[in-house]
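Undergrad: Next input, structure requested:
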Amino acid sequence: MKAITQDKYGSADVLQLRDVAQPAPGKDEVLVKVRAAGVDPGVWICMTGRPYAARAAFGLTKPKVAVRGRALAGVVTAVGAGVQRFQPGDEVYGTSLGGTFAEYTVTNGQRLAPKPAALSFEQAAAVPISGVTALESVRDGGQVQAGQRVMIIGAAGGIGSFAVQIATALGARVTGVCSAGKADLVRSLGAEDVIDYTRDEVDRDGPRYDVIIDTAGCRPLSLLRRALTPRGTLVLAGGGHDAGGLLGGYTRQLRAPLVSAFVTQRLRPLASRERAADLEELGSLIESGKVTPVVDRTYSLADAPEAIRYLAEGHASGKIVISI
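TA: Model (predicted):
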């Protein structure tokens, strides 16, 4: 099968379209014909090996998994022993640790859910990483309630575009932080107000927000706290993966619980989980019309390096998707 692979860390130049062996499903595994794959910062981290601490999980000198990509939407072609939830022909979406920038991938059945019928494969592939992170940020990290004032930083991005819609669906009053050129998009997703970060900082209106969800990962905790109410909650859903150094921007995630222990505000780093239950909950929101994936650009499998270069520029509105 065709797949985008790499044998060393580096820029998008290390990615190559190659012929590799098609995987076979083992016990409790599902073989999926990939129709589309999502592009997210995690792909960039696995490709570059940065921040360097990530190599402890992904491979010290080169990636343990040669094929890039994690999010997918596709069609089940075979199932291993023990799989009862799916059968060949089912349309699914979810994640795979074996790489999804490929014609086929094998994944555990617990990482998959039925693809919402209302979505194309390209739209569905945008959901599993960013949509789940947004859902967990709003529901679990922020515990957002109807009537609360919620700020979402990076509101036009992959996670942010989902978070605006999910918080709005819960009845929150959402302020999105983005550039002026994306303000109309963010308002169309449900935001009542928009802060143009090129003109104003997030503390422009003082401590008025009950919940802040930061998907950008670049602002100091002290600045973010100035926009929170005295008992507000800050959710760190983005790590500033390209900030450099051993931990990149993830030093904030380490500091947040320490600061939180000495203040009345709650500062919560988010550790997102990939579960079928969250995909099913998102599927219900999508089928009800409350959430719609925003897809900025779609690339072919051969052009996956260009897709990651575009991601690295940081200007995408919503998600970038590989169509296979």
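Undergrad: Ser120: what's it in contact with?
TA: Ser120 makes contacts with Ala36, as judged by C-beta atoms under 8 Å, 6 or more residues apart in numbering. Quick note: C-beta positions are derived from backbone N, CA and C, even for glycine.
Undergrad: what's the answer for Asp203, then?
TA: Neighbours of Asp203 in contact, by C-beta under 8 Å, 6+ apart: Leu223, Arg226, Ala227.
Undergrad: Output the residues you listed in JSON lines; the columns should cover distance to Val79, secondary structure and neighbour count.
TA: Conversion of the contacts of Asp203 to JSON lines gives the following (distance: C-beta to C-beta, whole Å; DSSP: H, G, I helix; E, B strand; the rest coil; neighbours: other C-beta atoms under 10 Å):
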{"residue": "Leu223", "distance to Val79": "50", "secondary structure": "helix", "neighbour count": "11"}
{"residue": "Arg226", "distance to Val79": "52", "secondary structure": "helix", "neighbour count": "14"}
{"residue": "Ala227", "distance to Val79": "49", "secondary structure": "coil", "neighbour count": "25"}
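Undergrad: Any regions of this structure where pLDDT drops low?
TA: Per-residue confidence of the chain (counting by pLDDT under 70) places the weak regions at 239-249.
Undergrad: Which parts of it are helices?
TA: 41-48, 55-58, 121-125, 130-136, 158-169, 183-188, 221-226, 251-260, 276-287, 304-313 (DSSP state H).
Undergrad: Please identify the deepest-packed of those helices.
TA: Greatest average neighbour count among the helices of the chain goes to helix 158-169 (a mean of 28), per mean count of other C-beta atoms under 10 Å.
Undergrad: Helix 41-48 and that one, what's the angle between them?
TA: Compare the direction of helix 158-169 with that of helix 41-48 by axes from the mean of the first three to the mean of the last three C-alpha atoms, to 10 degrees and you get 160 degrees.
Undergrad: Enumerate every residue touching the residue lying closest to Leu189 once chain neighbours are set aside.
TA: For Leu189, the nearest residue in space outside its immediate sequence neighbours is Val164; the separation is 4.3 Å by C-beta to C-beta, 6 or more residues apart in numbering. Residues near Val164 by C-beta under 8 Å, 6+ apart: Ile152, Ala155, Val174, Gly176, Val186, Leu189, Gly190, Ala191.
Undergrad: which of those has the most neighbours?
TA: Ile152 (38 neighbours; other C-beta atoms under 10 Å).
Undergrad: partner residues bridging it?
TA: When bridges are called by DSSP bridges, Ile152 pairs up with Gly176, Ile213.
Undergrad: same thing with Leu236?
TA: Taking DSSP bridges, one obtains Asp214, Pro269 as the residues bridged to Leu236.
Undergrad: That one touches Asp214, doesn't it?
TA: Yes. Counting by C-beta atoms under 8 Å, a contact exists between Leu236 and Asp214, whose distance comes to 5.6 Å.
Undergrad: So which bits of the longest strand along the chain are buried?
TA: The strand of greatest length in the chain, counted in residues with DSSP state E as the criterion, is given as strand 29-39. Within strand 29-39, the residues that qualify as buried by neighbour count (16 or more other C-beta atoms under 10 Å) are Glu29, Val30, Leu31, Val32, Lys33, Val34, Arg35, Ala36, Ala37, Gly38, Val39.
Undergrad: Return the residues in contact with the third one.
TA: When contacts are counted by C-beta under 8 Å, 6+ apart, Leu31 is found next to Pro23, Ala24, Pro25, Val76, Thr77, Ala78, Val79, Tyr104, Thr105, Val106.
Undergrad: ok, the fifth one - how many residues close by?
TA: Applying the criterion other C-beta under 10 Å, we find 15 residues in the vicinity of Thr77.
Undergrad: Do I have it right that it meets Val32?
TA: Yes. With contact defined as C-beta under 8 Å, Thr77 and Val32 form a contacting pair (6.8 Å).
Undergrad: Touching both of these two, which residues are there?
TA: Counting by C-beta under 8 Å, 6+ apart, the shared contacts of Thr77 and Val32 are Tyr104.
Undergrad: partners of Ala36 in the sheet?
TA: Counting by DSSP bridges, Ala36 forms beta bridges with Ala73, Ser323.
Undergrad: List the buried residues in stretch 80-87.
TA: Neighbour-count burial for stretch 80-87 flags Gly80, Val83, Phe86 (criterion: 16+ other C-beta under 10 Å).
Undergrad: how many other residues sit next to the residue lying closest to the second one once chain neighbours are set aside?
TA: Pointing back at Val83 there. Using C-beta to C-beta, 6+ apart and skipping residues adjacent in sequence, the residue nearest Val83 is Gly109, 4.9 Å away. Gly109 has 21 neighbouring residues, counting by other C-beta under 10 Å.
Undergrad: now swap in Thr100 and tell me
TA: If you count neighbours by other C-beta under 10 Å, Thr100 ends up with 32.
Undergrad: ok now do the residue sitting nearest the centre point of the chain, which residues does it touch?
TA: When C-alpha atoms, centre = their mean is applied to the chain, the residue found nearest the centroid is Ser130 (2.3 Å). Listed by C-beta under 8 Å, 6+ apart, the contact partners of Ser130 are Gly38, Asp40, Gly158, Ile159, Ser161, Phe162, Lys319.
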